[in-house]
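Participant: compute the structure for the input listed below.
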Amino acid sequence: YVSYPKTSGSRGIHINVRIERRWGFQAVRRCVLALGREVERRVPELATTKWWKEERHGVFIDYNQNARDRTVASAYSVRPTPNAQVSCPVTWEELPAIELRDFTIATVPARYAAIGDPGAGIDAQAFSLQPLIDLVLRQEAEGQGEAPLPPHFPKLANEPRRVMPSRARKEPGDPRSQRGRRREKPD
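Facilitator: Numbering: from 1, shown residues only. All right, here's what the predicted structure looks like:
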């Protein structure tokens, strides 16, 4: 795959890959989840696919950004931030050192004039999702299934509960489920 990073214009980085036009949102989302889980498996101290913020650390790989009706800031769009940050294509070489707040409506035109568009080649080749579909199937065979969708989406049959872990009801017998129960006084 050839991928093209860009700033989100806010706090994140988007990684864009042109794919063949034969898969729907659900397949693409599931492939990104599988890829994210593989990254998480390889560098667990750096990456996470945990949907609930209270469980996250490091870089969140947002597989749900590929769900139906989700939007992404287009390249060179100005975002509603106090300093008018811009969603800006960057190179992989410069990515480790960039400061997201430096890409603004005041700075990006000069950058574009100096280096052009680092994302210009994205349409040169479309890639197959088949290697990632194979990864999805391997992960499912290992017991890794669906992950939560955003709250306003219809629930999938095989989707886990959409409840923050800290708000989930505990199973009977779980010591955490004893909250609010009257304790017996010692003699």
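Participant: if I look at Asn14, how far off is Asp102?
Facilitator: In this structure residue 14 is His, not Asn. 17 Å (Cβ to Cβ, to the nearest Å). Backbone N, C-alpha and C define where each C-beta goes, glycine included.
Participant: could I get the full set of helices for this structure?
Facilitator: For the chain, the helices defined by DSSP state H cover 25-42, 108-115, 130-141.
Participant: take those and write them to a markdown table, including mean pLDDT and distance to Val90.
Facilitator: Converted to a markdown table, these look like this (pLDDT from 0 to 100; distance: least, Cβ to Cβ, whole Å):
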| stretch | mean pLDDT | distance to Val90 |
| --- | --- | --- |
| helix 25-42 | 94 | 19 |
| helix 108-115 | 98 | 9 |
| helix 130-141 | 96 | 24 |
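Participant: how about the nearest residue to Arg70, chain neighbours excluded?
Facilitator: Asn64 (6.8 Å; Cβ to Cβ, 6 or more residues apart in numbering).
Participant: how about the contacts made by the one you found?
Facilitator: With contacts defined as Cβ atoms under 8 Å, 6 or more residues apart in numbering, Asn64 is in contact with 29, 51, 70, 149-150.
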